[in-house]
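S.K.: The sequence isn't on hand, but the structure is:
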């Protein structure tokens with residue numbers, strides 16, 4: 001097992017930097033990563049304290065610092081210590097600068113400006129929370145996306161993820177004993193997507209859920225025949241209504257959401273007379 005000290009320095013929230021590091025680290029096995037996370041680095045005094053920790057725990061330094069003096073001081077110290085450093089956004093920023101013919105604005109946290117997109121995302125999150133698990137079906141037509149599927153097919157976490165990307169999302173459980181309201185079959189504006197999974201995987205997830213709640217581990221909720229019929233029932237509904245279906249058996253929430261967004265964009269492009 002290789003141990004790596006990873007120093008992440010940002011003059012904003014550091015969310016972008018964390019996501020970059022997470023995506024890159026996922027490509028390597030057998031690495032024990034010790035993260036040193038330093039957000040909101042906007043003064044030399046703050047940087048001085050961080051440099052002490054970097055010297056004591058040498059490793060890779062990733063940073064997104066737009067202040068020239070702060071950045072130069074960090075780079076000089078890393079060179080003196082012989083430590084590798086990467087300005088994570090430089091290649092993209094430089095490429096955009098060359099393409100657009102203008103200098104980048106050196107403003108920390110500029111991507112978090114409270115603009116119209118920000119408020120649209122907040123609105124999407126509020127809508128999604130209020131329309132979870134079949135609630136609020138009376139105004140599903142206001143949604144961008146509606147997710148349908150049997151219990152424990154990741155409808156809620158996928159909905160929240162989509163909401164954070166700005167999509168108003170509702171979700172509805174497909175239960176044979178309690179069919180969804182007819183409204184679901186008459187929707188025109190929202191993209192309705194069916195989420196499905198294998199019966200075996202579903203039973204495993206549900207059994208773990210029951211155990212975590214200290215409930216009886218053997219009920220129809222995890223019975224092989226009952227779950228198989230439940231999954232088949234949902235798939236018939238999807239097929240009868242011509243909804244696109246995504247199998248979430250081997251997909252992460254992020255992968256499922258990405259596939260849904262692609263479907264949404266493809267439908268939007270198909271409806272655009274100029275597309």
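M.R.: Perfect, I can see it now. The structure presented is a predicted model; accordingly, all values stated were derived computationally and were not measured.

S.K.: Show me what residue 60 is bridged to.
M.R.: Beta-bridge pairing for residue 60 (DSSP bridges): residue 6.

S.K.: is it true that it touches residue 7?
M.R.: Yes: between residue 60 and residue 7 there is a contact at 7.0 Å, judged by Cβ atoms under 8 Å. Quick note: C-beta positions are derived from backbone N, CA and C, even for glycine.

S.K.: So between those two, which is more surrounded?
M.R.: Set side by side, residue 60 and residue 7 show more neighbours around residue 7, with 24 against 17, by other Cβ atoms under 10 Å.

S.K.: can you give me the strands in this structure?
M.R.: For the chain, the strands defined by DSSP state E cover 2-10, 31-38, 60-64, 85-87, 145-149, 169-173, 191-196, 245-247.

S.K.: Let me see the residues that make contact with the fourth one.
M.R.: The list of residues contacting strand 85-87 from outside it, by Cβ atoms under 8 Å, 6 or more residues apart in numbering, reads 60-65, 71, 74-75, 78.

S.K.: May I see the strands of the chain organised as a markdown table, with distance to residue 235 and mean pLDDT added?
M.R.: As requested, the strands of the chain are exported to a markdown table (distance: least, Cβ to Cβ, whole Å; pLDDT from 0 to 100):
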| stretch | distance to residue 235 | mean pLDDT |
| --- | --- | --- |
| strand 2-10 | 44 | 94 |
| strand 31-38 | 40 | 92 |
| strand 60-64 | 44 | 94 |
| strand 85-87 | 46 | 93 |
| strand 145-149 | 10 | 98 |
| strand 169-173 | 15 | 97 |
| strand 191-196 | 6 | 98 |
| strand 245-247 | 7 | 97 |
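
S.K.: before we move on, back to that, what two of the contacts of strand 85-87 are the furthest from one another?
M.R.: Greatest spatial distance among the contacts of strand 85-87 (Cβ to Cβ): 60 and 71, at 16.6 Å.

S.K.: Residue ranges in the stretch 151-275 of the chain under the pLDDT threshold?
M.R.: Scanning the stretch 151-275 of the chain for pLDDT under 70 picks out 216-217, 271-275.

S.K.: can you count the residues close to residue 208?
M.R.: Based on other Cβ under 10 Å, the number of other residues close to residue 208 is 13.

S.K.: who touches it in this structure?
M.R.: With contact set as Cβ under 8 Å, 6+ apart, residue 208 has no partners.
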